[in-house]
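> Requesting a structural model of the entry that follows:
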Amino acid sequence: MAYSDKEKKRYQKQVTERMPKSNAFVQCISAFLVGGLICCIGQAIMTLGTEFFKFSKENTAAFTSMSMIFLGSFLTGLGVYDKIGKVAGAGSIIPITGFANSIVAPAMEHRFEGYILGVGAQMFTVAGPVLVYGVISSIIVGIIYCFI
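Predicted structure coming up:
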């Protein structure tokens, strides 16, 4: 069934009226501030490892990574990271904490199905494709680099 131009315009008007208004500027500022705060926390943990614990450069990097993964996972488990994501949008997907959230969130949703078929099977539903395509891309770039 073909719709007339009048019906298409009426439908488009209804869609436009009902569509939630977004404030891109405020969302960008919020993402910047929250993402920056997450990075500042990471820097504080790194400084703590270097200055207080006197870790080597490699151990400080590992300590910082483990701490940020723990914080992202812990806050996801408490339901706090989702609230941060609603406020910060893209600012909450800073690579290491966002990755922890993308693994823990599906596992938390399916925990009542058991450890194997629930948590284990669903844990990488979001992060799995990212890992697969990341590894494939790095192999392709490595092969290209090898020939150049």
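
> mind listing what Val126 touches?
Val126 sits next to Ser102, Ile103, Ala105, Pro106 when contact means CB atoms under 8 Å, 6 or more residues apart in numbering. (C-beta placed from N, C-alpha, C; glycine too.)

> At which residues are the helices of the protein located?
5-18, 24-47, 57-78, 80-88, 95-109, 121-122, 127-147 (DSSP state H).

> what about the longest one, average pLDDT?
Confidence over helix 24-47, taken as the mean pLDDT, stands at 94.

> List the buried residues in that helix.
Neighbour counts over helix 24-47 (16 or more other CB atoms under 10 Å) mark Ser30, Ala31, Val34, Gly35, Ile38, Ile41, Gly42, Ile45, Met46 as buried.

> Point out where this structure drops to low pLDDT.
1 (pLDDT under 70).

> Swap in 90 and give it another go.
1-24, 87, 89-96, 98-99, 101-103, 105-132, 134, 148 (pLDDT under 90).

> now Gln27, nearest residue through space, not along the chain?
Once flanking residues are discounted, Gln27 sits nearest to Gly89: 5.5 Å by CB to CB, 6 or more residues apart in numbering.

> Let me see the contact set for that neighbour.
Gly89 neighbours (CB under 8 Å, 6+ apart): Gln27, Ser30, Ala31.

> Mean neighbour count, the helices of the chain: which tops it?
Greatest average neighbour count among the helices of the chain goes to helix 95-109 (a mean of 19), per mean count of other CB atoms under 10 Å.

> Between helix 80-88 and that one, find me the angle.
120 degrees (axes from the mean of the first three to the mean of the last three CA atoms, to 10 degrees).
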